[in-house]
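A.B. asks: Sequence first, predicted coordinates after that:
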Number of protein chains: 2
Amino acid sequence: MKEILRAHIEEIVQLTDDEFARVLPHFIPKTFKKHQIVVHQDDLVKYNFFILKGLMKSARITSDGKEHIMQFAMENWWITDLEAFHNGTNSKFTIDCLEDTTTYVITLESKLKLCQELPKMEHFFHVKTTAGYIALQKRVLCFISSKAQDRYHNLLEQDPMLIQRVPKVMIASFLGVSRETLSRFTP
Amino acid sequence: MKEILRAHIEEIVQLTDDEFARVLPHFIPKTFKKHQIVVHQDDLVKYNFFILKGLMKSARITSDGKEHIMQFAMENWWITDLEAFHNGTNSKFTIDCLEDTTTYVITLESKLKLCQELPKMEHFFHVKTTAGYIALQKRVLCFISSKAQDRYHNLLEQDPMLIQRVPKVMIASFLGVSRETLSRFTP
DNA sequence: GGAAATACAGGACAATTGTCACAGATATGA
DNA sequence: TCATATCTGTGACAATTGTCCTGTATTTCC
């Protein structure tokens, strides 16, 4: 539990027992059930979620009533609407659980305070955000340079487990194609 | 010149004269001519570029010989291949100048040292990376939820000046559509 | 266990986009 | 200034993808 969080942070920055003791109180453990919604589209976003076990997704419903999946997050990943979380604006996305999920969550206030108290932690979050930036950039590159079929095969290589844990409708939504089109690639 | 850099940083964190005097030496002024290449695809990436004046782009040539534009960067924007810059790997992109361009550049070593010396600067870069993450997320959302025409009109609203400074072939490449398709939207 | 919801595949047709070819307009550089 | 790139628009056709539909497993939940 707390060991997982510590190990996750220490992949980036080393912490003394004392330092980790100051970090931990900022994180609140929360568990959710499958199908439970943790952020509603157009609502405020209280938390950034670190997933210990389980699977969540963030998705936007557009005016035509269709759901577009922005992100999946599994064990050791973070998920939130980063823009809304940081700016205190309304969420562009709904975030919900595809499986029963246990998390640590942190508020913006806690995060800012933690970063001021412990510059190491600002470095940690900075590195994490950079990794997210790089992942998004790869996804954009896929969109501008590959056709749907190649994007699917690319995802298969990149995240083979995801395909198994998530129904294909959602994979299609994540890739920006219709379910039927995705079907054409997978005999 | 240095005033622009300082103002840019102070949009995020306040600096004393003394602090800025410690920041400035880490930045190297460099000027480039139109069409000049500052990062070659598959080479190492020495710098992160902060643009004082001018316009650059980063783009990847895929195996079919086509150029796919990842990013444009104008005044007060940063540009580099962030993944290659941070990991010391080979660049996925070529970065070149669409206009004569004057910049401040910073090496990874300087950036890391600066962040250690002045936690404020780590916060500054963290905020900048977060902004980049949010921008990329919007772009991904466009790809999964809009058709080409809507993506174009969205870009028109978002960055009207860009359309004027950049040929449409490149706008098309940035949007991930052919030049001819883009032509169909612009009567 | 059984009803209801969800997941998946496939066919037929329409809409969107890519490709190729050609032509005129504009910018660029010696 | 003039020759040469580069940029842009357009039409015809092919390829890709979306939409609507039907039918069948499979899962979920009381």
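C.D. replies: Perfect, I can see it now.

A.B. asks: which ones are touching the residue nearest the centre of chain A?
C.D. replies: Centroid check for chain A by Cα atoms, centre = their mean gives A:I79 as the closest residue, at 2.8 Å. A:I79 is in contact with A:48-49, A:51, A:56, A:58, A:71, A:73, A:95, counting by Cβ atoms under 8 Å, 6 or more residues apart in numbering or on different chains. Every residue, glycine included, has its C-beta placed from N, CA and C.

A.B. asks: Dihedrals phi and psi, the nearest residue to it once chain neighbours are set aside?
C.D. replies: Ranked by Cβ to Cβ, 6 or more residues apart in numbering or on different chains and with sequence neighbours excluded, the top spatial neighbour of A:I79 is A:A73, at 3.7 Å. A:A73 adopts backbone torsions of phi -140, psi 130, taken as degrees, to the nearest 10.

A.B. asks: rewinding a little: including pLDDT, could the contacts of A:I79 go into CSV?
C.D. replies: Shown next, in CSV, are those (pLDDT from 0 to 100):
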residue, pLDDT
A:N48, 98
A:F49, 98
A:I51, 97
A:M56, 97
A:S58, 97
A:Q71, 97
A:A73, 97
A:I95, 97
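
A.B. asks: Could you dump the residues you listed into JSON lines and include secondary structure?
C.D. replies: Below are the contacts of A:I79 laid out as JSON lines (DSSP: H, G, I helix; E, B strand; the rest coil):
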{"residue": "A:N48", "secondary structure": "strand"}
{"residue": "A:F49", "secondary structure": "strand"}
{"residue": "A:I51", "secondary structure": "strand"}
{"residue": "A:M56", "secondary structure": "strand"}
{"residue": "A:S58", "secondary structure": "strand"}
{"residue": "A:Q71", "secondary structure": "strand"}
{"residue": "A:A73", "secondary structure": "strand"}
{"residue": "A:I95", "secondary structure": "strand"}
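
A.B. asks: closest to B:F27 among these?
C.D. replies: Nearest to B:F27 among the contacts of A:I79: A:N48, at 31.5 Å, using Cβ to Cβ.

A.B. asks: Would you agree A:A59 is in contact with A:A73?
C.D. replies: No - using Cβ atoms under 8 Å, A:A59 is not in contact with A:A73, being 11.9 Å away.
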